[in-house]
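Asker: I would like to see how this sequence folds:
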Amino acid sequence: MLGIATKLLGLEYHGLTDFAITNMLVPVRRFIPMNVSLTPELETLIDQKVKTGLYNSASDVLREALRLLDEHDRDKERRRGALRKEMTKGVEDINAGRYVTLETQKDFDALAEHTKQKGRERLARSKSGS
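Answerer: Numbering: from 1, shown residues only. Here you go, the predicted structure:
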């Protein structure tokens, strides 16, 4: 008779024991124990997170926090890369003579009005679907 793991997943038996099949299907996660010193405020925060029921343990809270930190760091690096690309483009534009010199408040006001008008037109196009 097929075991519960094979029945639930619709797998063929092929002579393996239920124990072997079950163990093949469950990924083995190895955790490295660490000692971490926390401020009382961080310890309280972790305790509060566990008490909400969203996390089973302090370790779960820390794993989620580190996952989010890693995601944040990767996002920050992507934004830095985009900024570097735009800065390079700006330098290239200046070197190619594609820039405007603003010498007076009137020059600045005219550019600001032009920029606002382009923004309004773009917004109107996006609202109308064109």
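
Asker: distance from the helix ranked longest in the chain to the middle of the chain?
Answerer: Identified as the longest helix of the chain according to DSSP state H is helix 58-95. Its chain's average C-alpha position is 9 Å from that of helix 58-95, according to C-alpha atoms, centre = their mean, to the nearest Å.

Asker: start at 861 instead
Answerer: Done: numbering now begins at 861, and the last item shifts to helix 918-955.

Asker: what residues of that helix count as buried?
Answerer: V921, L922 (16 or more other C-beta atoms under 10 Å). Backbone N, C-alpha and C define where each C-beta goes, glycine included.

Asker: contacts for the helix or strand just after that helix, please.
Answerer: Of the helices and strands lying after helix 918-955 in sequence (DSSP states H and E), the nearest is helix 965-988. Helix 965-988 is contacted from outside by V960, T961, L962, using C-beta atoms under 8 Å, 6 or more residues apart in numbering.

Asker: rerun that using 7 Å as the cut-off
Answerer: V960, L962 (C-beta atoms under 7 Å, 6 or more residues apart in numbering).

Asker: let me see the mean pLDDT of it.
Answerer: Per-region confidence: helix 965-988 scores 95 on mean pLDDT.

Asker: quickly list the domain ranges of this protein.
Answerer: Under automatic domain parsing, the residue ranges defining each domain of the chain are 861-890, 898-959, 961-990.
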